[in-house]
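**Student:** Pasted the sequence and its predicted model underneath.
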Amino acid sequence: MHTRKTFCRFCHANCAIEVDIDGDRAVAVRGDVSDPLFGGYTCMKGRELPAQANHPERLRSSQRRLPDGAFAAISSGDALDEIAGRLAAIRDRHGPRAIATYCGTYGFMNSAALPVALGFHHGLGSPSFYTSITIDQPAKVYLGSRVGAWLGGPQPFSRADVSMMIGNNPLTSHYAWQGSVPPFSPSRRLRDAKARGLKLICVDPRRTMVAQLADIHLQVRPGEDATLLAGMLRLILEEELHDREFCERWVEGWQQWRDFIFERGYTPEWAAPLTGIAAEEIRKLAAEIAGADGCVLFASRGINQHTNAVQTNRALMFIAAITGNWGRRGGAFLNLSIGAPISANAPAVRQHIPERPMVRRSPVGWIEAMRKGRPYPIKALIACNNPMSNWPGQSASREAFLALDLLVHIELFENETSAFADYVLPAATGIEKGDIGRSNDDRRVVWIDKMIEPPGEAKTDDWIWIELGKRFGYDDVLKERYKDPALFWDEMCIGNDQLRGITQQRLHSVPWRWVRFPSLQHGPWLLE
């Protein structure tokens with residue numbers, strides 16, 4: 001038996017771990033005490049990695065649905081031959097846009113497998129490719145359009161006077177298992193800052209754990225967060241509590257924002273009956289944030305998963321900007337984690353421009369395209385997660401999946417989506433493939449070395465997409481050697497200003513085996 005160091009890929013923490021390996025099996029996982037950030041921490045999910053990899057119900061062979069509805073084993077090569085043939089027939093009849101892929105977060109979110117799969121769609125000319133990151137698009141879309149990038153970062157609670165949590169409950173949802181959390185997580189840092197004297201404000205309809213810890217809890221009416229923020233903005237600007245010097249130097253168009261807010265009549269008195277929060281409380285909140293020597297505004301999925309999410313993020317970002325809490329110690333606007341901005345694209349000469357855009361960035365639109373062919377039909381779906389369990393409307397989803405000409409399911413275990421699939425392909429776990437870690441809060445790029453071989457005929461996502469690409473003649477783009485994800489990373493994934501230089505050699509050149517982007521510096525420095 002021997003031990004190797006790597007990282008867990010279950011969630012965004014990317015905890016540093018040690019894996020005990022006996023033959024071809026991982027038998028135990030524990031935290032890596034030598035890591036300068038984690039110091040031996042890992043949660044119960046990380047410790048269960050061997051149980052996941054060795055589970056007797058893991059998919060170990062490809063399966064094909066027979067005419068009577070039963071499944072029978074089929075070799076990976078034969079399965080991909082048949083899948084490619086059926087995809088080609090759908091493409092020829094309905095156009096490439098009728099072929100869609102929906103990926104999940106565990107295997108694809110900020111993974112090197114994502115651009116491999118996307119490369120296949122580039123060559124095919126299908127716009128219908130998306131992941132479950134749709135739920136957090138509002139923050140990404142707005143921040144990216146206004147500051148050029150969706151940059152996450154450390155939570156500077158220890159230098160802030162005030163923090164407002166809105167639509168966010170990190171004490172129960174952010175690496176907070178069994179009362180033990182990694183030292184850099186929002187959960188730990190928030191508690192430590194609160195003990196130091198941070199004034200904590202919670203805006204949430206429910207009495208969450210954050211609300212119980214907070215100095216002020218404002219129970220906003222569900223869906224009225226943006227209304228509350230608009231009333232706060234009016235007070236800050238009307239009473240000239242904003243940081244005028246910062247606004248004049250750094251906030252382009254802030255006067256137009258101010259004039260718009262005044263013209264529309266957004267006031268604390270206007271917001272009060274809509275939000276359920278008294279006007280005087282809204283005034284106090286606005287003055288508290290504007291007068292703080294550093295304020296962290298921290299939103300999350302309570303804001304993002306809403307029909308007005310983009311505008312709510314916009315208002316939060318504007319409050320942070322006009323009060324000077326942007327790019328300063330102890331001040332920030334934060335919203336979830338950020339993944340490494342991988343930039344692998346097929347060469348322009350090998351990309352087929354889609355005839356029409358993606359149906360929608362929402363499963364609702366995809367369901368309608370499958371059921372009713374509007375605005376055009378989706379006839380084939382490759383699912384790399386479990387949409388049957390998490391797409392809205394079970395009856396509509398069932399009808400949509402049954403209307404497909406082909407459903408291919410790539411997964412670790414059978415689940416609800418497998419029951420509707422024509423082919424089920426077994427996938428590899430995080431310790432059975434080489435890859436970067438998922439998105440995290442402090443912009444670390446970690447490399448997860450392959451620890452063991454996947455069981456049976458299970459393959460990595462990269463391998464599946466490259467093999468499928470061969471059958472469509474894309475092997476000059478999805479090259480055989482890119483089945484080694486380390487080569488794919490160095491040659492295809494880091495050709496942008498934020499990741500340039502973060503090569504395999506650099507990632508493995510330091511004992512803690514991670515580098516933060518966009519800086520090429522590295523080291524176990526503090527996060528603030």
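**Tutor:** Happy to help now that I have it.

**Student:** And for the nearest residue to Thr101 once chain neighbours are set aside, the neighbour number?
**Tutor:** With C-beta to C-beta, 6 or more residues apart in numbering as the criterion, Thr101 has its nearest non-adjacent residue at 4.4 Å, and that residue is Ile382. To be clear about C-beta, it is placed using only N, CA and C from the backbone, and glycine gets the same treatment. Residues within reach of Ile382, counting by other C-beta atoms under 10 Å, total 27.

**Student:** do the one 4 residues further on as well
**Tutor:** Neighbouring residues of Asn386 were enumerated by other C-beta under 10 Å; the total is 18.

**Student:** Enumerate every residue touching it.
**Tutor:** Asn386 makes contacts with 104, 411, 415-417, as judged by C-beta atoms under 8 Å, 6 or more residues apart in numbering.

**Student:** re the thing from before, my read is that the residue nearest to Thr101 contacts Leu404, right?
**Tutor:** No - Ile382 is not in contact with Leu404 according to C-beta atoms under 8 Å; the separation is 10.6 Å.

**Student:** returning to that earlier point: partner residues bridging the residue nearest to Thr101?
**Tutor:** Under DSSP bridges, the beta-bridge partners of Ile382 are Thr101, Val408.

**Student:** And it, what's its pLDDT?
**Tutor:** Predicted confidence (pLDDT) at Ile382: the value is 95.

**Student:** quick one: the strands in the stretch 151-300 of the chain?
**Tutor:** 162-166, 199-203, 216-218, 295-299 (DSSP state E, counting those that start in this stretch).

**Student:** Take those and write them to TSV, including mean neighbour count, mean pLDDT and distance to Arg25.
**Tutor:** Shown next, in TSV, are those (neighbours: other C-beta atoms under 10 Å; pLDDT from 0 to 100; distance: least, C-beta to C-beta, whole Å):
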stretch	mean neighbour count	mean pLDDT	distance to Arg25
strand 162-166	26	94	43
strand 199-203	22	95	45
strand 216-218	19	96	49
strand 295-299	26	91	41
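
**Student:** mind checking which of these is nearest Arg30?
**Tutor:** strand 295-299 (30.9 Å; C-beta to C-beta).

**Student:** Would you mind getting the angle between that closest one and strand 199-203?
**Tutor:** 30 degrees (axes from the mean of the first three to the mean of the last three C-alpha atoms, to 10 degrees).

**Student:** Restricting the selection to alpha carbons, write the helix or strand following strand 295-299 to PDB.
**Tutor:** Later in the chain than strand 295-299, the nearest helix or strand by DSSP states H and E is helix 301-304. C-alpha atoms of helix 301-304 as PDB (Å, rounded to 0.1, in the frame of the first residue of the first chain):
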ATOM      1  CA  ARG A 301     -28.200  31.700  -4.900                       C
ATOM      2  CA  GLY A 302     -31.100  33.200  -3.000                       C
ATOM      3  CA  ILE A 303     -30.500  36.200  -5.300                       C
ATOM      4  CA  ASN A 304     -29.300  34.400  -8.400                       C
END
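
**Student:** what's helix 301-304 packed up against?
**Tutor:** helix 137-147, helix 309-322 (3 or more C-beta pairs under 8 Å, 6 or more residues apart in numbering; DSSP states H and E).

**Student:** Backbone dihedrals for Cys43, please?
**Tutor:** For Cys43, the backbone dihedrals (degrees, to the nearest 10) come out as phi -90, psi -180.

**Student:** meant to ask about Ala380
**Tutor:** Dihedral angles for Ala380 - degrees, to the nearest 10 - are phi -140, psi 140.

**Student:** any low-confidence regions in this protein?
**Tutor:** Where the chain drops to pLDDT under 70, the residues are 105-112, 132-155, 173-187, 336-339, 441, 519-528.

**Student:** Walk me through the domains of the chain.
**Tutor:** Following automatic domain parsing, the chain resolves into domains at 62-131+342-427+464-496, 153-335.

**Student:** For these, please prepare CSV with the additional fields distance to Asn14.
**Tutor:** Converted to CSV, these look like this (distance: least, C-beta to C-beta, whole Å):
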stretch, distance to Asn14
domain 62-131+342-427+464-496, 10
domain 153-335, 10
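
**Student:** Select, out of these, the one closest to Thr42.
**Tutor:** Thr42 lies closest, by C-beta to C-beta, to one member of the domains of the chain: domain 153-335, at 8.3 Å.

**Student:** Tell me how far that closest one lies from the chain's centre.
**Tutor:** 22 Å (C-alpha atoms, centre = their mean, to the nearest Å).

**Student:** Now tell me what touches the longest helix along the chain from outside.
**Tutor:** Longest helix of the chain, by residue count under DSSP state H: helix 76-94. If you take C-beta under 8 Å, 6+ apart as the criterion, helix 76-94 is touched by 62, 64, 74, 98-99, 124, 376-377, 379-380, 405-406, 408, 422-423, 425, 457, 459, 464, 467-468, 471-472.

**Student:** show me where the stretch 301-450 of the chain has helices.
**Tutor:** Ranges of helices within the stretch 301-450 of the chain are 301-304, 309-322, 363-372, 387-390, 394-403, based on DSSP state H, counting those that start in this stretch.

**Student:** Quick one: these as JSON lines, columns for mean neighbour count and distance to Val220 too.
**Tutor:** Shown next, in JSON lines, are the helices of the stretch 301-450 of the chain (neighbours: other C-beta atoms under 10 Å; distance: least, C-beta to C-beta, whole Å):
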{"stretch": "helix 301-304", "mean neighbour count": "21", "distance to Val220": "10"}
{"stretch": "helix 309-322", "mean neighbour count": "22", "distance to Val220": "11"}
{"stretch": "helix 363-372", "mean neighbour count": "20", "distance to Val220": "26"}
{"stretch": "helix 387-390", "mean neighbour count": "18", "distance to Val220": "27"}
{"stretch": "helix 394-403", "mean neighbour count": "16", "distance to Val220": "31"}
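
**Student:** For Phe262, find the nearest of those helices.
**Tutor:** That would be helix 309-322 among these, by C-beta to C-beta, at 13.8 Å.

**Student:** burial of the closest residue to Ser300 other than its chain neighbours, as a residue count?
**Tutor:** Closest residue to Ser300 apart from its sequence neighbours, by C-beta to C-beta, 6+ apart: Asn168 at 3.7 Å. Neighbours of Asn168 under the rule other C-beta under 10 Å: 26.
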